[in-house]
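In: next input, structure requested:
(chains A and B)
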Amino acid sequence: MSALSSTYAVVVKDVQSELRTRYALNALVMFVVTTVSIILFALRGDQPSNTVLAGMFWVVVFFTSMSGLSRAFVSEEERGTSLTLQLIASPSVIYFGKLLFNVFLTLTLVFGVTIVYTVVFPGFTIQSLDIFLATVFLGSLGLASAATIIAAIIAKANTRGTLYPVLSFPILIVLLMTVMSATVKSLDGEPFSEAMGDVVVLISYCMVMTAGSFLLFDYVWKD
Amino acid sequence: MTAVKYGSIGIITLVLIAGLAIPLTRSPQGWLEFPVIPGLEEKARNIFFHVPTAWTTVLAFLVSMFYGIRYLRKRNLDDDLKSVTSAGLGFLFCVLATVTGALWAKFNWGSFWNWDPRQTSIFILLLIYGAYFALRSAVETDEKRATLSAVYAVIAGLTVPFFIFIMPRMMSGLHPGAKGDSSGAGPLFESKMMAANMRVLFYISMIGFNLLYVWLFNLRLRVARLDYRRLIQS
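Out: Here you go, the predicted structure:
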């Protein structure tokens, strides 16, 4: 099998096992519902500004992904299938398969949160669609690439649940600050050229993170 | 190493005395008077302590990352000891830089913490060090702990250029060199705002803090090696 088709096979395997248990999907949906309703309770009918809305949007995305994305490797360790996976596929194939699966999961999550926000917050109207799409796509890519390698690291550690956000947050701050400022721009309806700096930072972040994780994944994955 | 020890102690004592005792005057006449930096005045003395500690923080992180990578290549546990020793010192200097910076911010900008881009970046560095030690305490076997923490140090190191070099220059802030700063880009010591005699003392202080780092690194590495050897024997 070529590398491309084995990567595809890893993604299909993860999607199938996810659809069988729906563990991550259920956790993500419930987490989004819970956090958004907490925000609504806290606001008590106030109309928050665009800055607050954009911040809240990514806060929900960050904490929800922290509850779901670690499954990629933790589930392999829990079911005891990581050794089998090591035997049948090369590390780079596993890495890109898991990364693609996490990118899908993050994109679904962001899509869902966008719909929920549009419904419950009248102030959340996307004025510049091009900025929003670029931000959401690159943001999900960056979030998933950082989350994947951290998930691989914590799968080998003891206290998995609490360690995941602790390790991910310092790495993701740069990304979160950039996507938040770009989301505010998309809600304010600014032209795309205004968000160019943010987009360049996001692209370089995605490239650096993916390349670095790809090079380092071997060391984490092999026992 | 004794030379480094007494050198660092001597130089930092010199910087302490000279940095605090040399008068700041509006029109300096000679080498023993510092010129007044507009907007900073007497508070400018902090530059001899705040900037070198911040620099040593980044240096310690780079050293930690370097030995982490070397561990991944050679699988020698002594490299891991060096990596964690440097990270520990980096954490210490990071706290010092944060505290001196917060004090400076209080008297220059009005409050201890303003979320200026550079304050944000030192905060992220603190978090990275914290996460690094949290990860180390969560792994039991030595080899696994060394590998995972080395990988994490490198991954975290990849994001360091973003918030040390890119973000502070892209966002508006209070530090010199931020976006929209009229006095020119770059930190204070690169610009013409600092006079030659002040810059000499500043670079001496840089050398002093780096020597202090080297001395402490050596000391703590020897302690770590002894601890490790005792752990193996027991």
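In: near chain A, which residues of chain B are found?
Out: Contact residues (C-beta under 8 Å from any C-beta of the partner chain) of chain B with chain A: B:72, B:120, B:124, B:127-128, B:130-131, B:134-135, B:138-140, B:144, B:147-148, B:150-152, B:154-156, B:158-159, B:162-163, B:166-167, B:170. Every residue, glycine included, has its C-beta placed from N, CA and C.
In: what helices or strands is the lengthiest helix in chain B leaning on?
Out: Counting residues, the longest helix found in chain B (DSSP state H) is helix B:196-233. Helix B:196-233 is packed against helix B:2-21, strand B:34-35, helix B:47-74, helix B:77-109, with contacts defined by 3 or more C-beta pairs under 8 Å, 6 or more residues apart in numbering or on different chains; DSSP states H and E.
In: now it against helix B:2-21, angle please.
Out: 140 degrees (axes from the mean of the first three to the mean of the last three C-alpha atoms, to 10 degrees).
In: mean pLDDT lowest for which of the helices and strands packed on helix B:196-233?
Out: Across these, strand B:34-35 has the smallest mean pLDDT, namely a mean of 78.
In: what residues does chain A have near chain B?
Out: Checking chain A against chain B by C-beta under 8 Å from any C-beta, the hits are A:146, A:149-150, A:153-154, A:156-159, A:163, A:166-167, A:169-171, A:173-174, A:177, A:197, A:201, A:204-205, A:208-209, A:212-213, A:216, A:219-220.
In: one step back: pLDDT on the longest helix of chain B, on average?
Out: On average, helix B:196-233 scores 91.
In: so which bits of that helix are buried?
Out: Buried residues in helix B:196-233, counted by 16 or more other C-beta atoms under 10 Å in any protein chain shown: B:197-198, B:201-202, B:204-206, B:208-217, B:220-221, B:224.
In: in helices only, show me the residues of chain B next to chain A.
Out: B:72, B:120, B:124, B:127-128, B:130-131, B:134-135, B:144, B:147-148, B:150-152, B:154-156, B:158-159, B:167, B:170.
In: separate out the buried members of the residues you listed.
Out: The buried subset of these (16+ other C-beta under 10 Å) comprises B:72, B:120, B:124, B:127-128, B:130-131, B:134-135, B:147-148, B:150-152, B:154-156, B:158-159, B:167, B:170.
In: how many other residues sit next to residue 2?
Out: Using chain A. 8 (other C-beta atoms under 10 Å in any protein chain shown).
In: nope, chain B
Out: Neighbours around B:T2, by other C-beta under 10 Å: 7.
In: look up the pLDDT of B:S191 for me, please.
Out: B:S191 is given a pLDDT of 53.
In: what does stretch B:225-234 contact?
Out: Applying C-beta atoms under 8 Å, 6 or more residues apart in numbering or on different chains, the contact partners of stretch B:225-234 are B:L77, B:D78, B:L81.
In: closest one of these to B:W115?
Out: B:L81 (36.2 Å; C-beta to C-beta).
In: in this structure A:D218 contacts A:S90, no?
Out: No: judged on C-beta atoms under 8 Å, A:D218 makes no contact with A:S90 at a distance of 9.3 Å.
In: out of the contacts of stretch B:225-234, who's the most crowded?
Out: Using other C-beta under 10 Å as the neighbour criterion, B:L81 leads the contacts of stretch B:225-234 with 21 neighbours.
In: just confirm A:I39 is within a helix.
Out: Yes: with DSSP: H, G, I helix; E, B strand; the rest coil as the criterion, A:I39 is part of a helix.
In: now it: closest residue in space that isn't a chain neighbour?
Out: Ranked by C-beta to C-beta, 6 or more residues apart in numbering or on different chains and with sequence neighbours excluded, the top spatial neighbour of A:I39 is A:M56, at 5.7 Å.
In: and for the one you found, the neighbour number?
Out: By other C-beta under 10 Å, neighbour count at A:M56 equals 21.
In: for it, what is the enclosing helix or strand?
Out: Taking DSSP states H and E as the definition, one finds A:M56 inside helix A:50-68.
In: as PDB, could you dump the C-alpha coordinates of the next helix or strand after that helix?
Out: Sequence order places helix A:71-79 as the next helix or strand after helix A:50-68, per DSSP H and E. The C-alpha atoms that make up helix A:71-79 are tabulated as PDB, following Å, rounded to 0.1, in the frame of the first residue of the first chain:
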ATOM      1  CA  ARG A  71      -9.100  10.600  22.100                       C
ATOM      2  CA  ALA A  72      -7.000  10.000  18.900                       C
ATOM      3  CA  PHE A  73      -4.100   8.400  20.800                       C
ATOM      4  CA  VAL A  74      -5.500   7.900  24.300                       C
ATOM      5  CA  SER A  75      -8.100   5.400  22.900                       C
ATOM      6  CA  GLU A  76      -5.400   3.400  21.200                       C
ATOM      7  CA  GLU A  77      -3.500   3.100  24.500                       C
ATOM      8  CA  GLU A  78      -6.700   2.300  26.400                       C
ATOM      9  CA  ARG A  79      -7.800  -0.400  24.000                       C
END
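In: packing partners of helix A:71-79?
Out: For helix A:71-79, the elements it packs on are helix A:23-43, helix A:82-88, helix A:91-120, helix A:129-154, judged by 3+ C-beta pairs under 8 Å, 6+ apart.
In: where does B:H175 land in three-state SS?
Out: B:H175 is classified as coil under three-state DSSP.
In: so it touches B:R118, yeah?
Out: Yes: B:H175 is within contact range of B:R118, at 4.6 Å (criterion: C-beta under 8 Å).
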